[in-house]
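In: Sequence isn't available, so here's the structure alone:
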């Protein structure tokens, strides 16, 4: 039945299978994952208001459900008691207690799948197979969301906020080609989730104070360079977005003592958006070849930071 659901792509059938899995799920840590996704229907109303093609809505729904069905299927052969994120008694600021976790091998397999899909998405753009772009984008973006879920994102405040940001990134990836501003709004909300996520870590305000002047200067130069090419009605959005991503990078830099992955991912995200702005408002298809590898690397690093 599950393979038929994947072939047909019917969200209702996926929800039915997902609910049956929940009822037979013996491990309590998986139930919040399922109910959290089932209860998140906000993206339905978003698609409805934007009048997005129904096939995109069903595809997004199917992918979310398939990810959770895979998670539930994978729990059976795993020794949950043996797989914890740290040694017994070890603690980190965003993970106070050890909890059951998928094996590192599974997480890296999903990372590899996401990287392959992102590479294929760039390749089909270059080769002119535009009809495959949306599918490859969806697989690649669902990959970093899956990494966060498999890494135990729902087990900590930091993880929940990062997962919410990554879901917004996925929506931005799907909405951006249809309407650039709606995609920008989705990524703006993602940064507003990442900022409090990093504030839950041990922030080095000295590092923030050191980074604020150079980062502010770079952001001002970037706006000075880009705004003359931006239509007047879109300039406020671009300025607000630049402020949000700059604050996100500052908080990420402040968390460098917790994990070097976090500031590295934030800086890559910042650089990738520079090329996105050039691509949109100035031109040059080569910008897409640069921004996508940087962007997916950043999102996968954010997702993996939940696990480490």
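Out: Noted; the coordinates are in hand. Keep in mind that this is a model prediction, so the values were computed, not measured.
In: Okay, now the unreliable bits of this structure?
Out: Counting by pLDDT under 70, the chain shows low-confidence ranges at 1-102, 308.
In: which residues touch the longest helix anywhere in it?
Out: Using DSSP state H to define each element, the chain has its longest helix at helix 104-127. The contact list for helix 104-127, computed with C-beta atoms under 8 Å, 6 or more residues apart in numbering, reads 74, 130, 132-133, 136-137, 139-144, 146-147, 150-151, 288-289, 292-293, 296, 300, 304, 307. (C-beta placed from N, C-alpha, C; glycine too.)
In: swap the cut-off to 6 Å and go again
Out: Around helix 104-127, the neighbours that count as contacts under C-beta atoms under 6 Å, 6 or more residues apart in numbering are 132-133, 136-137, 139-140, 143-144, 146-147, 150, 292, 296, 300.
In: residues of that helix that come out buried?
Out: Buried residues in helix 104-127, counted by 16 or more other C-beta atoms under 10 Å: 106-107, 110-111, 113-115, 117-118, 120-122, 124-125.
In: quick one: which of those residues is nearest residue 156?
Out: Closest approach to residue 156 among the buried residues of helix 104-127 (C-beta to C-beta): residue 107, at 16.1 Å.
In: one step back: and the buried ones among the contacts of helix 104-127, selectable in ChimeraX?
Out: Remark: buried members of the contacts of helix 104-127, expressed as a ChimeraX selection using 16+ other C-beta under 10 Å:
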select :133,136,137,139,140,143,144,146,147,150,292,296,300
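In: Serialize the contacts of helix 104-127 to JSON lines and add fields for distance to residue 274 and secondary structure.
Out: JSON lines is the format used below for these (distance: C-beta to C-beta, whole Å; DSSP: H, G, I helix; E, B strand; the rest coil):
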{"residue": "132", "distance to residue 274": "27", "secondary structure": "helix"}
{"residue": "133", "distance to residue 274": "22", "secondary structure": "helix"}
{"residue": "136", "distance to residue 274": "23", "secondary structure": "helix"}
{"residue": "137", "distance to residue 274": "20", "secondary structure": "helix"}
{"residue": "139", "distance to residue 274": "26", "secondary structure": "helix"}
{"residue": "140", "distance to residue 274": "21", "secondary structure": "helix"}
{"residue": "143", "distance to residue 274": "24", "secondary structure": "helix"}
{"residue": "144", "distance to residue 274": "20", "secondary structure": "helix"}
{"residue": "146", "distance to residue 274": "28", "secondary structure": "helix"}
{"residue": "147", "distance to residue 274": "25", "secondary structure": "helix"}
{"residue": "150", "distance to residue 274": "31", "secondary structure": "helix"}
{"residue": "292", "distance to residue 274": "13", "secondary structure": "helix"}
{"residue": "296", "distance to residue 274": "16", "secondary structure": "helix"}
{"residue": "300", "distance to residue 274": "19", "secondary structure": "helix"}
